[in-house]
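A.B. asks: Have a look at this prediction, sequence included:
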Amino acid sequence: MAVTDWPVWGTSAQLVVTDPGCLDPARAVVEEVIADVDFAASRFRTDSELSRLNDSGGEWQDVSPLLMRALRVAIDAAEWTGGLVDPTVGGTLVDLGYDRTFSLVPADGDVVPVRVRTAPGWHRVQLDDDAGRVRVRPGTLIDLGATAKGLAADLAADAAANDVGCGVLVSLGGDISVAGPPPDDGWAIGVADLTDLSLPADGADEQVVVIRSGGLATSSTRARRWRRGGFELHHLIDPRSGMPAAGPWRSVSVTASTCVLANTASTAAVIAGSAAPEWLRTRGFHARLVHTDGSVLYVGAWPRAARPDEET
């Protein structure tokens with residue numbers, strides 16, 4: 001086994017391979033995939049395909065196969081979650097102050113004029129898959145933050161495993177995808193209740209779980225937080241209200257057949273609120289939900305830890 005990590009997208013990338021001799025060539029593949037996804041789907045690059053699409057004024061735009069795939073994944077996620085995860089929350093994020101890559105967003109600030117609005121809705125994004133073109137209705141700003149990182153992890157892990165021929169784990173800010181032959185005992189992954197430096201690391205302990213394929217993702221309201229006029233904000237927007245999801249879960253971790261599916265489900269669960277356990281259970285997911293008070297609830301076959309405040 002060998003591991004390397006580096007900063008990317010205001011967070012960190014980590015690569016683990018089962019054969020140390022594969023580490024350098026696998027990293028080259030992963031970095032290339034990340035760069036391609038960034039150029040296609042970043043909301044924060046003025047030269048990205050997505051930025052040009054957002055500025056297209058409602059006209060049809062030709063897009064690359066990679067951006068088309070990222071948009072198709074985002075629209076499918078919106079339809080499948082009934083709008084709980086919606087790529088048209090970009091305008092709301094900008095209104096709330098998340099208008100640049102997160103490392104550059106001021107941690108605190110005065111009250112700013114905020115126009116709270118529900119998301120325009122994914123139906124305002126039209127995809128012509130056959131022609132490779134997309135139309136975004138005026139007044140709609142696409143943000144692919146809920147799906148593009150998970151998709152990038154999946155694409156990078158698959159590409160690296162195919163290229164180097166060994167087992168590969170790719171983590172992008174905790175969105176994890178594995179591909180190729182796993183270690184004999186599987187991939188042991190630490191799942192933690194993520195927090196900003198400004199928040200105490202109390203409550204739920206880290207838990208180690210093992211996966212052999214697919215992906216694992218955690219969505220948390222305790223990371224990517226900022227303040228405006230004394231109000232705490234975070235990046236998980238409820239499209240129905242146009243405001244950060246209000247709880248009761250501060251983080252949700254999910255395993256699934258792909259990282260992008262796990263991330264879609266974990267984000268939807270945070271936004272679904274008290275309905276999340278049943279929403280996850282009826283769709284066959286295995287999940288760990290951490291309440292705002294630090295207690296933990298498990299769904300499906302997620303391994304239980306022996307703690308008195310943890311429920312099923």
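C.D. replies: Ah, there it is.
A.B. asks: what residue ranges in the stretch 101-250 of the chain are flagged as low confidence?
C.D. replies: Residues of the stretch 101-250 of the chain that meet the criterion pLDDT under 70 lie in 101-117, 194-205, 224-235.
A.B. asks: just the helices in it please.
C.D. replies: Using DSSP state H, counting those that start in this stretch, the helices of the stretch 101-250 of the chain run over 148-164.
A.B. asks: Next, the contact list for V210, please.
C.D. replies: V210 sits next to D185, G186, W187, A188, I189 when contact means Cβ atoms under 8 Å, 6 or more residues apart in numbering. C-beta here means a position set from N, CA and C on the backbone, and glycine is covered the same way.
A.B. asks: One more: T88?
C.D. replies: T88 sits in contact with A119, P120, G121, W122, R124, V125, T140, L141, I142, D143, P239, where contact means Cβ under 8 Å, 6+ apart.
A.B. asks: how about a cut-off of 10 Å?
C.D. replies: Neighbour list for T88: 74-75, 78, 118-125, 136-137, 139-143, 239 [criterion: Cβ atoms under 10 Å, 6 or more residues apart in numbering].
A.B. asks: Just those: which are in strands?
C.D. replies: Taking DSSP state E as the definition of strands, these contribute V125, V136.
A.B. asks: Of the contacts of T88, which count as buried by neighbour count?
C.D. replies: Neighbour-count burial within these applies to 74-75, 78, 118-120, 122, 124-125, 136, 140-143, 239; the criterion is 16 or more other Cβ atoms under 10 Å.
A.B. asks: Among those residues, which one sits closest to W6?
C.D. replies: Proximity of the buried ones among the contacts of T88 to W6 was ranked by Cβ to Cβ; the top entry is D143 with 24.2 Å.
A.B. asks: Can you report how many residues neighbour the spatially closest residue to the closest one that is not a sequence neighbour?
C.D. replies: Leaving aside its sequence neighbours, D143 sits nearest to G90 (Cβ to Cβ, 6 or more residues apart in numbering; 3.6 Å). Look at G90: counted by other Cβ atoms under 10 Å, it has 24 neighbours.
A.B. asks: G90 in helix, strand or coil?
C.D. replies: With DSSP: H, G, I helix; E, B strand; the rest coil as the basis, G90 sits in helix.
A.B. asks: list the contacts for it?
C.D. replies: Listed by Cβ under 10 Å, 6+ apart, the contact partners of G90 are 43, 50, 54, 98-99, 119-120, 136, 140-145, 237.
A.B. asks: how close does it get to A246?
C.D. replies: Applying Cβ to Cβ, to the nearest Å, the value for G90 to A246 is 20 Å.
A.B. asks: What of A268?
C.D. replies: 15 Å.
A.B. asks: Need phi/psi at G10.
C.D. replies: phi 70, psi 10 (degrees, to the nearest 10).
A.B. asks: for G165, same thing?
C.D. replies: phi 80, psi 20.
A.B. asks: list the contacts for it?
C.D. replies: D19, C22, P25, A26, G180, P181.
A.B. asks: Let me see the confidence value for Y98.
C.D. replies: What the model reports for Y98 is a pLDDT of 55.
A.B. asks: whoops, I34 was the one
C.D. replies: pLDDT recorded at I34 is 98.
A.B. asks: Isn't it up against L155?
C.D. replies: Yes: the criterion here is Cβ atoms under 10 Å, and I34 meets it with L155 at 9.0 Å.
A.B. asks: Among the contacts of G165, the buried ones, what's the PyMOL command?
C.D. replies: Buried residues among the contacts of G165 (16+ other Cβ under 10 Å), as a PyMOL selection:
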select buried, resi 19+22+26+180
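A.B. asks: Check the offset of the helix or strand harbouring V252 from the chain's centre.
C.D. replies: For V252, the element it lies in under DSSP states H and E is strand 249-256. Distance of strand 249-256 from its chain centroid, counting by Cα atoms, centre = their mean, to the nearest Å, is 11 Å.
A.B. asks: residue contacts, G132?
C.D. replies: Residues near G132 by Cβ under 10 Å, 6+ apart: Q61, D62, V63, S64, P65, L67, M68.
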